[in-house]
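Participant: Need coordinates for the below:
(chains A, B, C and D)
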Number of protein chains: 2
Amino acid sequence: MMRTITKHKIIIVDDHQLFSQSLQLLINSFKDFEVINRFENGKVFISHLQDNPDLEVDLILLDVNMPVLDGISTMKWVKENNPNLKVIALSVNDDEEIIIKMITNGAKGYLLKDTSPEIFKEAMISVIDKGFYFTESVSGILVKKANNDSKKINLKEKEILFIQYACTEKTYKEIASEMCLSPKTIDGYRESLFDKLEIKTRIGLVLYAIKHKIVLV
Amino acid sequence: MMRTITKHKIIIVDDHQLFSQSLQLLINSFKDFEVINRFENGKVFISHLQDNPDLEVDLILLDVNMPVLDGISTMKWVKENNPNLKVIALSVNDDEEIIIKMITNGAKGYLLKDTSPEIFKEAMISVIDKGFYFTESVSGILVKKANNDSKKINLKEKEILFIQYACTEKTYKEIASEMCLSPKTIDGYRESLFDKLEIKTRIGLVLYAIKHKIVLV
DNA sequence: ACAAAAAAGGGTGTTTTCCCCCTTGTTCTT
DNA sequence: AAGAACAAGGGGGAAAACACCCTTTTTTGT
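Facilitator: Here you go, the predicted model:
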C-alpha cells in the first residue's frame, strides 16, 4: 500500500518560458516537490495572490529580471503584503546591488541560474525547513555591505550638480560660469571631491559618477 | 511491435546548469528529439568536438552569455572549423549587436529564452529541415543593419585598447609607456579619435566609450 | 610596381587641469 | 565667546591635455 505524501508546493515566477517550463519538469522529478503554478511576471503573480488569499504554497522561485513587474518590485510587494511567503530569488547576474535589494526586501535565498540541480534542491529544502539559504559568496556580500555602510559618502546638491557638469566636455571655467560661481570655487569643489572619492583626475570623477548613477549614459 | 525511430540529436551548451538540465528534460519529452550531450561553456564543447571529429549531431543549442568561452567566440570557432554545424543561439537579451554577431558568425537561428516550448520546437525543426529559423524581429534587425552598414565607424584594435586606457586615471604618458608607444603616437591616436568621434576632450572619449560599451562600468 | 593611405614619431606653443597654501565670512557647537 | 566646520574665493606654479603642422616608414590597393 502506498502512503500519500504531501509534496512541497512550489510557484515559479519567471518570464523565460523555456526556462520556467523546463524547471517545472526538473522540480516535479524531485520526489517531495511539485510546481503548483507558474507566472510570467510579478504582476500576474501578485494578482493571483490577491485573488487567492488562502493559497497554500511553500516556496516561491522568483526571477529577478522580468518585464512588467521585476523581481525587486515584486519582492517589495511581498514584504509589505505577504511577508511570510518564502522566496528564493533566481538570477543570472551577481550584481551586488541587486542581491542586497532582494535580500533586504525579504528574499530567503539568492541563487544564480548556473547552480547545479543538487544545490538547488538543497537550497529549496533549507529555505522550507530552516528559513534561509545563502551561499558563501552571497554572505560575503552582505558582510561587505554591513562594513561599508558606516563610511558612506553623502554628496551635497551643488556637488552633484558640479559632477554632472564635469561629465561633459565643458572646461571648469565654463562650468563655473554656468553655475554662477568663481572658477576658484569650482577648483575647491573639485579638490574636495577628489579627496572624498579617493580619485586623482576628472576622468576618475566621470567614472565614479557613471558607476554610481549620478549621470546616466 | 514498436518501430525504432532515429531521433534528432541535440547538444546543449549553457553555463546555467539549472536551465540546461531542465531544458534537457523538456527536449527529451518531445518525441523526435534527444539531448546527447550538455556542456557548460564553449571551451569544453569545442574540446569535445575536437576529440570526436565524427560526432553525429543535428543541432547545437548555444547560450550566448557564458563564462570561459562565450557564445560569440564559440560561434567564431564553429564558423572557422566546423561550418556545417547547425546552431541556434539562445539568449536572454535582444541586444542588436550581439544578435548580428551571432548570425554573421553562422548561427542558423536566434531565440530568446522567453520563447514558448511550441515555438522552440518549431524553430528546432525548421533549422534541421530548412536550415534556418528567424523571428520577424530578428529579421528586422538584419535589414536595419544592412541599411546602417554604410555610415559605420570602425575602430582598430589599438584604438580600442587606447580608449580603454583613456578610461582610467592614467596620463597619456603612462598610457604610451604601457602600450609601448611614443607619447607622440598616443597624441596622434587621440587627435584622430577626437576627429572621428566628433568630440573635443578626453572626457568626451570616456563618455563615448561607455555609451558604446567599449569599456564596462 | 607605384601611388595612396595609414601608422609612428617629432617640435612648439596654448589652454586646462591639478596641487598646495592662503583669506574672509558664516553657521553651528559646546 | 572660542573654536570647529564649511562655503566662497584667491595666487602661483607644475604637469597634463590639446592643437597644429611636420617627417619617416610601413601597409595596402589595384
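Participant: for chain B, what are the nearby residues on chain A?
Facilitator: Residues of chain A found near chain B, taking CB under 8 Å from any CB of the partner chain as the criterion, are A:15-19, A:21-26, A:29, A:40, A:65, A:90, A:92, A:111-117, A:120, A:166-169, A:199-204, A:206-207, A:210-211, A:217. Just so you know, the C-beta spots here come from the backbone N, C-alpha and C atoms, and that holds for glycine as well.
Participant: Just the buried ones out of the residues you listed, please.
Facilitator: Listed as buried from those are A:15-19, A:21-26, A:40, A:65, A:90, A:92, A:111-115, A:117, A:120, A:166-168, A:199, A:202-204, A:206-207, A:210, A:217; burial here means 16 or more other CB atoms under 10 Å in any protein chain shown.
Participant: Narrow the residues you listed to those in helices?
Facilitator: Mapping these onto helices (DSSP state H) picks out A:17-19, A:21-26, A:117, A:120, A:166, A:202-204, A:206-207, A:210.
Participant: Which part of chain A gets nearest to chain B, residue-wise?
Facilitator: A:S22 (3.2 Å; CB to the nearest CB).
Participant: can you list the weak-confidence ranges in chain A?
Facilitator: Applying pLDDT under 70 to chain A flags residues A:1-5, A:143-154.
Participant: in it, which spans are strands?
Facilitator: A:8-13, A:33-39, A:59-63, A:87-91, A:109-112 (DSSP state E).
Participant: Now do the buried residues in the second one.
Facilitator: Read that as strand A:33-39. A:F33, A:V35, A:N37, A:R38, A:F39.
Participant: Give me the subset of the ones in helices among the buried ones among the residues of chain A next to chain B that also touch DNA strand C.
Facilitator: Applying CB under 7 Å from any atom of the strand, the subset of these adjacent to DNA strand C comprises A:R202, A:I203.
Participant: Next one: the closest residue to A:S73 other than its chain neighbours from B:K211, what distance?
Facilitator: Distance criterion CB to CB, 6 or more residues apart in numbering or on different chains; nearest residue to A:S73, sequence neighbours excluded, is A:G42 at 6.1 Å. Going from A:G42 to B:K211 by CB to CB, to the nearest Å gives 30 Å.
Participant: In contact with the most centrally placed residue in chain A, which residues?
Facilitator: Central residue of chain A (CA atoms, centre = their mean): A:I98, 2.2 Å from the mean position. Shown in contact with A:I98 (CB atoms under 8 Å, 6 or more residues apart in numbering or on different chains): A:V64, A:I72, A:S91.
Participant: what's the answer for A:P83, then?
Facilitator: A:P83 makes contacts with A:G106, as judged by CB under 8 Å, 6+ apart.
Participant: what's near enough to touch the residue nearest to A:V68 when sequence neighbours are not counted?
Facilitator: The shortest distance from A:V68 to any non-neighbouring residue, by CB to CB, 6+ apart, is to A:N41 (4.0 Å). Taking CB under 8 Å, 6+ apart, we find A:N41 in contact with A:V13, A:D15, A:M66, A:P67, A:V68, A:L69, A:D70.
Participant: and the last one, how many neighbours?
Facilitator: A:D70 has 18 neighbours, counted by other CB atoms under 10 Å in any protein chain shown.
Participant: and the gap between it and A:A107?
Facilitator: 13 Å.
Participant: what's across from A:L59 in the sheet?
Facilitator: Taking DSSP bridges as the rule, A:L59 bridges to A:I10.
Participant: got it, and A:S91?
Facilitator: A:L112.
Participant: so what's it up against?
Facilitator: A:D63, A:V64, A:N65, A:G71, A:I98, A:Y110, A:L111, A:L112, A:K113.
Participant: Show me which residues of chain A are close to DNA strand D?
Facilitator: A:K156, A:K158, A:L181, A:S182, A:P183, A:K184, A:T185, A:D187, A:G188, A:S192, A:T201.
Participant: just checking, the fifth one touches A:E174?
Facilitator: No: the criterion here is CB atoms under 8 Å, and A:P183 misses it with A:E174 at 9.4 Å.
Participant: how much space between A:E34 and A:L49?
Facilitator: 19 Å.
Participant: again with A:K130
Facilitator: 24 Å.
Participant: next one: A:I100
Facilitator: Taken as CB to CB, the span from A:I100 to A:L49 is 24 Å.
Participant: Comparing those two, which residue is more hemmed in?
Facilitator: Taking neighbours as other CB under 10 Å, A:I100 and A:L49 compare with A:L49 leading, 19 against 16.
Participant: give me every residue that touches the more buried one.
Facilitator: A:L55, A:N81, A:N82.
Participant: so what's the last one closest to, chain neighbours aside?
Facilitator: Right, A:N82. Per CB to CB, 6+ apart, closest to A:N82 is A:L49, 6.3 Å.
Participant: Tell me the one of the buried residues of strand A:33-39 nearest DNA strand D?
Facilitator: Ranked by distance to DNA strand D (CB to the nearest atom of the strand), these are led by A:F39 at 48.5 Å.
Participant: Surely the closest one and A:I12 touch.
Facilitator: Yes: assessed by CB under 8 Å, A:F39 is found in contact with A:I12 at 7.3 Å.
Participant: about what we covered before: can you put the contacts of A:N41 in a markdown table and add distance to B:K7?
Facilitator: Shown next, in a markdown table, are those (distance: CB to CB, whole Å):
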| residue | distance to B:K7 |
| --- | --- |
| A:V13 | 33 |
| A:D15 | 30 |
| A:M66 | 34 |
| A:P67 | 35 |
| A:V68 | 37 |
| A:L69 | 39 |
| A:D70 | 38 |
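Participant: from those residues, which two are the most distant?
Facilitator: A:V13 and A:P67 (12.2 Å; CB to CB).
Participant: Tell me which of the two has more neighbours.
Facilitator: A count of neighbours by other CB under 10 Å puts A:V13 above the other of A:V13 and A:P67, at 26 against 11.
Participant: what's the closest non-adjacent residue to A:F39?
Facilitator: A:F45 (4.0 Å).
Participant: what's the neighbour count on the one you found?
Facilitator: So A:F45, with other CB under 10 Å, has 24 neighbours.
Participant: so it touches A:W77, yeah?
Facilitator: No: in this structure, A:F45 is not within contact of A:W77 by CB under 8 Å, at 9.2 Å.
Participant: domain assignment for chain A?
Facilitator: A:8-148, A:157-211 (automatic domain parsing).
Participant: distance of the closest residue in space to A:E178 that isn't next to it in sequence from A:L207?
Facilitator: Nearest non-adjacent residue to A:E178, counting by CB to CB, 6+ apart: A:Y165, 6.6 Å away. According to CB to CB, A:Y165 and A:L207 sit 16 Å apart.
Participant: and what of A:T168?
Facilitator: 15 Å.
Participant: how close does A:N81 get to DNA strand C?
Facilitator: 39 Å (CB to the nearest atom of the strand, to the nearest Å).
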